[in-house]
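need a structure here:
(chains A and B, ligands or ions: 2)
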Amino acid sequence: MNIFSDIEPFMLRAFAVAVVMGPLCALLGVFVTARRMAFFSDTIAHGALAGIALGFLLGFEDPTWPMVLFSLLVAAAILWLKEHTDLLTDTIMALLLSGSVAFGIIVLSMLKNKRGELHRYLFGDILSVGPDDVWLAVLLCAAIGAWLFTKLSPLALLTASEDLAHVCGVRTRWLNYGFVLVLTVVVSLSIRLLGIILVTSLVVIPPAAARNLARNLRQQIILSLIIGLFGGAAGTVASYHWDIPCGPAIVMACIAVFIVSLVVSKLWLNKPAST
Amino acid sequence: MTHTTCSHSAADIAVSVRDLRVTLGGQAILRGVNLHLHRGQLVALIGPNGSGKTTLLRAIVGLQRPDSGDVRIFGESDLKKALPRVGYVPQRLALDRSFILSVREFLALRLRETQHWFWHRKRDTDDRIRAEMAELGAESLLDRPIAALSGGQLQRVLIVFALLKQPDLLLLDEPTAGVDSPGEESFYDLIGEVHRKHKLTVVLVSHDLSMVYRHASWVYALNGVVCCEGSPEHVMNADSLKEAYGLNVTPYHHHNHSHGPGGGTVQ
Ligand SMILES: Nc1ncnc2c1ncn2[C@@H]1O[C@H](COP(=O)(O)OP(=O)(O)OP(=O)(O)O)[C@@H](O)[C@H]1O
Ligand SMILES: [Mg+2]
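Ligands and ions are numbered 1, 2, ... in the order given. Predicted coordinates:
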């Protein structure tokens, strides 16, 4: 197709990753928002900065794996501290978030040749999405999407009530861990595209917009998937057309849908908007 | 008075709890509880606020880890195997208003059918959910989000949820708290009917002693330990209640019901 031949390959790669990660984040986001884990997602995203810095410090050219591992470590630390101390959850998260950011910035500033990386990871950089990243995103999306889909019922039940889920035979502890694991991996791998600061928006905005229009969970999930897909696609296209940064363009596309959904819900659905 | 030695065979026991101890916040809440519930009984669990009724039910279904003691459901100590046969209505269910799950979807979750609520509604499942809701007069709630229900409406939905899988054991923690009196009547009718249809065992926590008197076949009075147990006539007299509740409360009002020898009034 000659329309594609004009487009630079990095742009196509960004598009591919965006239309795959968009819906996946949006699906996860339905449960993240309902379980009030938006700040949790933000914390593990910021935790990634420390992982990236450590990766460079240890001499990795591509700090993807240290980044994912460190995010997982932060997630585990949140869960552990929550269970074993009397600290409030948001106190724990604020602590870990600022701690990892401070650590990441100090280490990156010490590594003279890596100072530019800070900006790149904070705000995302589609130039850094390589062909391997596209494959990773697609495989990951397929695997996690399939897992999530088989777990929709238990996850919905867990979100409604952990106690009822337990009595209905759901292994609540493992499902909780599984969910956090999947969320952490998806969030930290979306950082390439959206940047640490904006990545949570892809998890939060599509389900919130869908929530405005939906009357039940099924509708929210379907709408959220569509909005995530649209946001990812429209954002990358807009970024190419107007030569603006890709991550912010995706976020703005999602926000545009959110505003439309809010107006529609207020004017036509007669349904109070929330979250 | 502690548990009676049972003359029934082990297969006849629905729930057996032996020397169950639970400590919460440094306080010994359950201090060696013993229970042996026979199949097909409708057992009432009474006791003052904070006497550990909820804690006991939670321990039975594995929501509360005991310090020591042994719980068996249908002779099975492995909860994973026993839980599919259990329905449970918790005392309080904190639902998040931001979660949009509809009543219909919520009930379908009990049947663990993702495809039912995600892809398409299966006709027979849908009919069952509708019929069960209709029985409690709550059919109109089907498309409402569960988080937006009133306390009594939610309670009705939870009762339907607990009954949906046709459990052999039903644990109800103040199931009709907040339910209006027609709702309460139809609830007890429903329980009575299911009870007759198959040999369902029901454990009912209730502060409504007249209801207990009318419907229960066996009563346990709990206050950290089982203070006394027996038929409603036996337990619900002044002395036993004083032992359970600790002071001379007048908990049971006789409403001119035509039930058996009315030894239940506390004057
Ligand atoms: N998580 C907890 N931490 C500390 N103490 C607890 C906890 N849960 C319950 N308790 C205490 O355990 C005691 C028994 O509580 P429980 O809920 O079992 O009483 P109950 O008999 O169900 O009372 P009610 O009639 O009010 O429902 C209470 O004194 C309560 O304060
Ligand atoms: Mg209670």
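
Name the residue closest to the centre of chain B, please.
Nearest residue to the geometric centre of chain B (C-alpha atoms, centre = their mean): residue B:172, 1.5 Å.

Please apply the same query to chain A.
In chain A, the residue lying closest to the centroid (C-alpha atoms, centre = their mean) is residue A:187, at 3.6 Å.

For ligand 1, what's the nearest residue on the stretch 1-150 of chain A?
Scanning the stretch 1-150 of chain A for the residue nearest ligand 1 gives residue A:86, at 12.5 Å (criterion: C-beta to the nearest ligand atom). Where you see a C-beta, it was placed from the backbone N, CA and C, and this is true even at glycine.

Quick one: residues in contact with stretch B:25-39.
Defining contact as C-beta atoms under 8 Å, 6 or more residues apart in numbering or on different chains, one finds that stretch B:25-39 is touched by B:2-4, B:6, B:8, B:12-23, B:43, B:52, B:55-56, B:59, B:66, B:69, B:168, B:199, B:201, B:203, B:218, B:220, B:222, B:224-226.

Among those, which lie within helices?
When the contacts of stretch B:25-39 are checked against helices (DSSP state H), the matches are B:55, B:56, B:59.

Enumerate every residue touching the second one.
Right, the one you point to is residue B:56. Contact partners of residue B:56, counting by C-beta under 8 Å, 6+ apart, are B:17, B:20, B:22, B:30, B:33, B:45, B:222.

Equivalent analysis for the last one, please.
Contacts for residue B:59 (C-beta under 8 Å, 6+ apart) come out as B:17, B:20, B:22, B:30, B:65, B:66, B:69, B:71.

can I get the residues you listed in CSV with pLDDT, distance to residue B:145 and neighbour count?
Supplementary listing: these in CSV, determined by pLDDT from 0 to 100; distance: C-beta to C-beta, whole Å; neighbours: other C-beta atoms under 10 Å in any protein chain shown:
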residue, pLDDT, distance to residue B:145, neighbour count
B:17, 92, 37, 23
B:20, 92, 37, 24
B:22, 93, 35, 22
B:30, 91, 36, 26
B:65, 91, 33, 8
B:66, 92, 36, 21
B:69, 91, 39, 16
B:71, 92, 35, 21
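
What about ligand 1: which of the residues you listed touch it?
Counting by C-beta under 6 Å from any ligand atom, the subset of these that neighbours ligand 1 is empty.

State the pair within those that is farthest apart.
Checking the contacts of residue B:59 against each other with C-beta to C-beta, the farthest-apart pair comes out as B:17 and B:65, at 14.2 Å.

what's in contact with the host helix or strand of residue A:146?
With secondary structure defined by DSSP states H and E, residue A:146 is part of helix A:131-150. Helix A:131-150 is contacted by residues A:13, A:16-17, A:20-21, A:23-24, A:27-28, A:155, A:178, A:182, A:185-186, A:189, A:192, B:114 when judged by C-beta under 8 Å, 6+ apart.

what are the ranges of the helices in the chain?
In the absence of a named chain, this looks at chain A. Remark: helices of chain A, listed N- to C-terminal, are A:2-6, A:9-34, A:38-57, A:64-84, A:89-110, A:115-123, A:131-150, A:152-160, A:162-167, A:172-194, A:199-213, A:217-242, A:246-264; assignment by DSSP H.

Actually, chain B is the one I wanted.
Secondary structure of chain B, counting by DSSP H: helices at B:53-60, B:79-82, B:103-110, B:114-118, B:123-135, B:151-163, B:181-197, B:209-215, B:232-235, B:238-245.

Of all those helices, which one comes closest to ligand 2?
Ranking the helices of chain B by their distance to ligand 2 (criterion: C-beta to the ion) puts helix B:53-60 first, at 3.1 Å.

Quick check: buried residues in that closest one?
Residues of helix B:53-60 classed as buried under the neighbour-count rule (16 or more other C-beta atoms under 10 Å in any protein chain shown) are B:53, B:54, B:55, B:56, B:57, B:58, B:59, B:60.

Repeat that for stretch A:94-102.
Within stretch A:94-102, the residues that count as buried by 16+ other C-beta under 10 Å are A:96, A:97, A:99, A:100, A:101.

near chain B too, which of the residues you listed?
Of the entries in the buried residues of stretch A:94-102, not a single one is placed beside chain B under the rule of C-beta under 8 Å from any C-beta of the partner chain.

Turn the residues you listed into TSV, including pLDDT and distance to ligand 1.
Conversion of these to TSV gives the following (pLDDT from 0 to 100; distance: C-beta to the nearest ligand atom, whole Å):
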residue	pLDDT	distance to ligand 1
A:96	94	26
A:97	94	29
A:99	94	30
A:100	93	32
A:101	93	35
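
Nearest to chain B among these?
residue A:97 (22.5 Å; C-beta to the nearest C-beta).

Please list all residues in contact with the residue in chain B that chain A sits nearest to.
Ranking the residues of chain B by distance to chain A (C-beta to the nearest C-beta) places residue B:102 first, at 3.9 Å. The contact partners of residue B:102, taken as C-beta under 8 Å, 6+ apart, are A:215, A:216, A:217, B:142, B:143, B:144, B:145, B:146.

Might you report the residue contacts of the residue lying closest to it once chain neighbours are set aside?
Among residues not flanking residue B:102 along the chain, residue A:216 sits closest, at 3.9 Å (C-beta to C-beta, 6 or more residues apart in numbering or on different chains). Counting by C-beta under 8 Å, 6+ apart, residue A:216 touches B:100, B:101, B:102, B:104, B:105, B:117, B:143, B:145.

what's the most distant pair in the residues you listed?
B:117 and B:145 (13.3 Å).

between these two, who's got more neighbours?
Under the criterion of other C-beta atoms under 10 Å in any protein chain shown, the comparison of residue B:117 against residue B:145 puts residue B:117 first, with 27 against 21.

Can you dump the C-alpha atoms of stretch B:202-220 in CSV for me?
The C-alpha atoms that make up stretch B:202-220 are tabulated as CSV, following Å, rounded to 0.1, in the frame of the first residue of the first chain:
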residue,chain,number,x,y,z
VAL,B,202,-29.7,-23.4,57.3
VAL,B,203,-27.7,-21.4,59.9
LEU,B,204,-29.4,-18.1,60.6
VAL,B,205,-28.0,-15.3,62.7
SER,B,206,-30.8,-13.2,63.9
HIS,B,207,-31.7,-10.7,66.6
ASP,B,208,-35.4,-11.2,65.9
LEU,B,209,-36.2,-13.8,68.5
SER,B,210,-39.8,-14.1,67.5
MET,B,211,-38.8,-15.1,64.0
VAL,B,212,-36.2,-17.5,65.5
TYR,B,213,-38.9,-18.9,67.7
ARG,B,214,-41.2,-19.5,64.8
HIS,B,215,-38.8,-20.9,62.2
ALA,B,216,-35.8,-22.5,63.9
SER,B,217,-35.6,-26.1,64.8
TRP,B,218,-32.6,-25.7,67.0
VAL,B,219,-31.0,-22.7,68.7
TYR,B,220,-27.5,-21.9,69.8
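
Give me the neighbour count for the closest residue to ligand 2 within the stretch 101-250 of chain B.
Sorted by distance to ligand 2 under C-beta to the ion, the residues of the stretch 101-250 of chain B start with residue B:173, at 5.8 Å. By other C-beta under 10 Å, 21 other residues sit near residue B:173.

So it versus ligand 1, what's the distance?
7 Å (C-beta to the nearest ligand atom, to the nearest Å).

That residue - nearest residue in space that isn't next to it in sequence?
With C-beta to C-beta, 6+ apart as the measure, residue B:91 is the residue that lies nearest to residue B:173, at 4.0 Å, once sequence neighbours are left out.
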